[in-house]
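Colleague: Provided below for reference: sequence and predicted model.
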Amino acid sequence: MALQMRQDVRMRMEQKLKLTPQMIQSIEILLLPQMALEERIMNEVEANPALELVDGPEDPEAAEAADRRETAVGDDGDRQELDHERYADWLKTRRDTASLDDDAPDKMEAINATAGPPPNLGDHIMDQLRLVEIDPEIERVAQVLCWALDRRGYLTDPLEALVEEDDLEVAEHARELIRDCDPAGVGAVDLADCLLLQLAREPGDNRFEMTLVRDHLDDVLRNRMPHIAQTMGVEVERVQEGVEVISQLDPHPGLPFAGGDNQFVIPDVVVTCDEAGEWTVTIPDSNLPRVEVSQACHQLYNDPQADQREREYLKEKLAGARFIIDAVQQRKRTLLKIATEIVRHQQAFLDQGPEHLRPLMRQDIADRIGMHVATVSRAVKDKYIQTPAGILPLAAFFSGGIATQDGSEAESSRAVKLRIKAMIDQEDPRHPLSDQHIADVLAKEGLDISRRTVTKYRIAESIPSTRQRRRF
């Protein structure tokens, strides 16, 4: 059977959402937390001559005047050629003004007083090795090995993969020197090796604990105390004493030096409670750089001597400056609207604690304030709220719910997790509660919850299983 191909012309109507560069930029600004937003504004100031930093408190009249000036951008009347020399002088004046700072000594003093980033693990080890005046060749190879340490402080790669064959003997010596450095356990090849390195430095006789790690670590992790006791010919209590010593060791000695991208958290939202018990939500933007559209750019744009090419350039920069200002203000309004609704819904959480967190989904907030759920998700992502109980992620106020048997309001999954944890904290270690028993207790209290859900919540809270929690 032969296939027939033909061409025809048809019309079809469809709707498509196409994101403009301005929309993308607006979304990006909404996503930014406080510190990143400050950096973004400063980058925009450096890149756009029509955007200027403003000193002092915000002046509403000046902002209104700036809006009126912006309406003039778009008036395409007849223009003559721009005076390039005067334009160049203005740009030079702008650069010179930006480079002058009366507060420079104070700022430099603040910079010098600011603590620098903590040293990484490799630098920390090399600083120790230099104190013993090691051979330059060993120092060179030790530097290579330090670069190969993972975040835990382990050296898992074989030496043959890290150095040339001629350097293997030097590398073995360098590795042993690294393993003698602080923190104890660095340079280990695996968990057992890490624990053994730490036990070797502990005071007293640790031979029993070292035997547990070397020969029975898998059983220790599985909490098989009677089996270990029978194999070693000792009482279960002696095994538990040894396990208690091992539990005090650090399985990841390198993590304190791993650091992170964000060393500080600045809240994007602040919620306070007055004497009458009323909660107030604010957006603390006083530390953000305050910017405005450049008046000098407006004057140049409206200069009767400006030619079309220069006017188009200035028009683009002025529009970009206005858009950044509007986008930052829109971010503030959006975040305030969302945070206010979150606080209104979770007032019991703020008044009485995490156990009173109510079920709340992002879609719920979106429906109440008339926004798209994607906008709500972007607004709360990586944002923090300062409460009287501390600084919390905004996302912590969202939680799924567990239905109640009487049909009343569901209880949040976070509150249920806290109840499960509280039950386990109070259990008899010799007879730990099973997941089914916990589910039965919660069901008697009115929650419609299954054993599988209890297991899922227990694992999410990093709580060991019944067998692993059992003490003999």
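Modeller: Noted; the coordinates are in hand. Numbering: from 1, shown residues only.
Colleague: In the stretch 301-450 of the chain, where is pLDDT below threshold?
Modeller: 400-412 (pLDDT under 70).
Colleague: Let me see the ranges of the helices in it.
Modeller: Taking DSSP state H, counting those that start in this stretch, the helices of the stretch 301-450 of the chain run over residues 308-345, 347-352, 362-369, 373-380, 413-425, 435-444.
Colleague: how about the ones you listed in CSV, adding mean neighbour count and distance to residue 41?
Modeller: For the C-beta atoms, the positions are set from N, CA and C on the backbone; glycine is no exception. Listed next are these as CSV, based on neighbours: other C-beta atoms under 10 Å; distance: least, C-beta to C-beta, whole Å:
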stretch, mean neighbour count, distance to residue 41
helix 308-345, 18, 7
helix 347-352, 16, 31
helix 362-369, 16, 26
helix 373-380, 18, 18
helix 413-425, 18, 35
helix 435-444, 16, 49
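Colleague: Could I get those in CSV, plus columns for distance to residue 40?
Modeller: Listed next are the helices of the stretch 301-450 of the chain as CSV, based on distance: least, C-beta to C-beta, whole Å:
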stretch, distance to residue 40
helix 308-345, 9
helix 347-352, 31
helix 362-369, 24
helix 373-380, 15
helix 413-425, 32
helix 435-444, 46
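Colleague: Can you say which of those helices is nearest to residue 235?
Modeller: helix 413-425 (26.6 Å; C-beta to C-beta).
Colleague: Which strands or helices does the closest one pack on?
Modeller: Using 3 or more C-beta pairs under 8 Å, 6 or more residues apart in numbering; DSSP states H and E, the elements in contact with helix 413-425 are strand 401-402, helix 435-444, helix 451-460.
Colleague: now those in TSV, with distance to residue 341?
Modeller: Shown next, in TSV, are these (distance: least, C-beta to C-beta, whole Å):
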stretch	distance to residue 341
strand 401-402	17
helix 435-444	30
helix 451-460	26
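Colleague: Okay, now the unreliable bits of the stretch 1-150 of the chain?
Modeller: Low-confidence segments of the stretch 1-150 of the chain (pLDDT under 70): 1-8, 10, 12-23, 56-119.
Colleague: of all the helices and strands packed on helix 413-425, which lies closest to residue 250?
Modeller: helix 451-460 (23.5 Å).
Colleague: mind checking how far that closest one is from the chain centre?
Modeller: Helix 451-460 sits 26 Å away from the centroid of its parent chain (C-alpha atoms, centre = their mean, to the nearest Å).
Colleague: What residues of that helix count as buried?
Modeller: Neighbour-count burial for helix 451-460 flags 453-455, 457-458 (criterion: 16 or more other C-beta atoms under 10 Å).
Colleague: between that helix and helix 435-444, how big is the angle?
Modeller: Orientation of helix 451-460 against helix 435-444 (axes from the mean of the first three to the mean of the last three C-alpha atoms, to 10 degrees) gives an angle of 110 degrees.
Colleague: Among the helices of the stretch 301-450 of the chain, which comes closest to residue 190?
Modeller: Evaluated with C-beta to C-beta, these place helix 413-425 nearest to residue 190, the distance being 30.0 Å.
Colleague: contacting residues around the closest one?
Modeller: Where contact means C-beta atoms under 8 Å, 6 or more residues apart in numbering, the residues beyond helix 413-425 that reach it are 354-357, 359, 396, 399-402, 432-433, 438, 441-442, 447, 449, 454, 457-458, 460-461, 463, 469.
Colleague: quick one on the thing from earlier: looking at the buried residues of helix 451-460, which is nearest residue 139?
Modeller: residue 458 (48.9 Å).
Colleague: Pretty sure that closest one sits against residue 435.
Modeller: Yes. With contact defined as C-beta atoms under 8 Å, residue 458 reaches residue 435; the gap is 6.5 Å.
Colleague: Quick check: residue 462 is in a strand.
Modeller: No. Judged by DSSP: H, G, I helix; E, B strand; the rest coil, residue 462 forms no part of a strand; its state is coil.
Colleague: Could you list the domains of this structure?
Modeller: Taking automatic domain parsing as the domain assignment, the ranges for the chain are 22-95+289-328, 121-257, 400-472.
Colleague: So which of the ones you listed is nearest residue 270?
Modeller: That would be domain 22-95+289-328 among the domains of the chain, by C-beta to C-beta, at 10.9 Å.
Colleague: Out of the contacts of helix 413-425, which end up buried?
Modeller: The buried subset of those - by 16+ other C-beta under 10 Å - is 356-357, 359, 399, 401-402, 432-433, 438, 441-442, 447, 449, 454, 457-458, 463.
Colleague: Residue 281 sits in which helix or strand?
Modeller: Here residue 281 sits within strand 279-282, counting by DSSP states H and E.
Colleague: Show me which residues of that strand are buried.
Modeller: 279, 281.
Colleague: Now do it: which elements does it pack against?
Modeller: On a contact count with 3+ C-beta pairs under 8 Å, 6+ apart, strand 279-282 meets strand 269-273, helix 308-345.
Colleague: Pairing partners for that strand, with directions?
Modeller: Here strand 279-282 is paired, per DSSP bridges, with strand 269-273 (antiparallel).
Colleague: Dump the strand it pairs with to PDB, keeping only the CA atoms.
Modeller: What follows is strand 269-273, C-alpha atoms only, in PDB (Å, rounded to 0.1, in the frame of the first residue of the first chain):
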ATOM      1  CA  VAL A 269      10.500  39.400  56.400                       C
ATOM      2  CA  VAL A 270      10.100  40.500  60.100                       C
ATOM      3  CA  VAL A 271       7.000  39.700  62.200                       C
ATOM      4  CA  THR A 272       6.600  41.400  65.600                       C
ATOM      5  CA  CYS A 273       3.900  41.200  68.200                       C
END
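Colleague: Go ahead and name everything in contact with it.
Modeller: So strand 269-273 is contacted by 279-284, 335-336, 339, 343, 350, 383-388, 394 (C-beta under 8 Å, 6+ apart).
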